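Novice: Here is a sequence with its predicted model. Questions after.
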Amino acid sequence: MVVRRGKKSRKYRGYRTHGYGSIGQHRKSGSRGGRGAVGFHKHKWSWTLKYFPDWYGKHGFTSPLALKRKYNVINLDQLNELISKLVREGKAIYEGDKVVIDLPSLGYGKLLSRGHLNYKVKVYVYKASESAIEKIKNSGGEVVLTMRE
């Protein structure tokens, strides 16, 4: 292949259109068949088939939002601060040396493990992270995973 020594723009100095025919033929969007993603179903169809064969049509599946369950979460440090208040209000009770807490009745569905507990607890909850369960067991408590009604 022969190397072009001079740039095309220098070569055509003084020729006004630089080899692109009448004035305006190398301007704006007409030279590329329209601006942006236009003409994919028309004059750029073969290009679409070659480079973006999956451009048209439906793909995949989106599960309905109604089926996705959102749980209000509570962390161990938040639970630790609440325990004395819950016992005072009668929303948590002592069973031996453990405090029994029913999180779904308090509006929480999931227990996460940030922080630590100063109490031995028995927690009823729909879901809990593995690390939260481990921390509660290490502090002498237990987690009971219940089914959602």
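Specialist: Looks like it came in fine.

Novice: could you measure residue 118 against residue 71, distance?
Specialist: Between residue 118 and residue 71 the distance is 25 Å, computed by C-beta to C-beta, to the nearest Å. (C-beta placed from N, C-alpha, C; glycine too.)

Novice: Of the two, which one has the most company?
Specialist: residue 71 (15 against 10; other C-beta atoms under 10 Å).

Novice: residue contacts, the more buried one?
Specialist: By C-beta atoms under 8 Å, 6 or more residues apart in numbering, the contact list for residue 71 reads 108, 109, 110, 126, 127.

Novice: gap between the fourth one and residue 14?
Specialist: What it means is residue 126. 80 Å.

Novice: For those two, work out which one has more neighbours and name it.
Specialist: residue 126 (17 against 5).

Novice: Need the pLDDT of the more buried one.
Specialist: We have a pLDDT of 94 for residue 126.

Novice: cool, and residue 66?
Specialist: Note for residue 66: predicted pLDDT of 80.

Novice: Around it, count how many other residues there are.
Specialist: Residue 66: 6 neighbours (other C-beta under 10 Å).

Novice: now residue 74
Specialist: So residue 74, with other C-beta under 10 Å, has 22 neighbours.

Novice: repeat for the one 4 residues further on
Specialist: Residues within reach of residue 78, counting by other C-beta under 10 Å, total 14.

Novice: So it belongs to a helix, correct?
Specialist: Yes: per DSSP: H, G, I helix; E, B strand; the rest coil, residue 78 lies within a helix segment.

Novice: Please tell me how far it sits from residue 123.
Specialist: Using C-beta to C-beta, one gets 13 Å for the distance from residue 78 to residue 123.

Novice: In the contacts of residue 71, which residue is surrounded by the most others?
Specialist: Busiest of the contacts of residue 71 [other C-beta under 10 Å] is residue 108, holding 21 neighbours.

Novice: Tell me if I'm right that that one and residue 76 touch.
Specialist: No: Residue 108 is beyond contact range of residue 76, at 12.0 Å (criterion: C-beta atoms under 8 Å).

Novice: Contacts only, for the closest residue to residue 111 other than its chain neighbours.
Specialist: What sits nearest to residue 111 in space, not counting adjacent residues and going by C-beta to C-beta, 6 or more residues apart in numbering, is residue 128, at 4.1 Å. Residue 128 is in contact with 110, 111, 112, 143, 145, counting by C-beta under 8 Å, 6+ apart.
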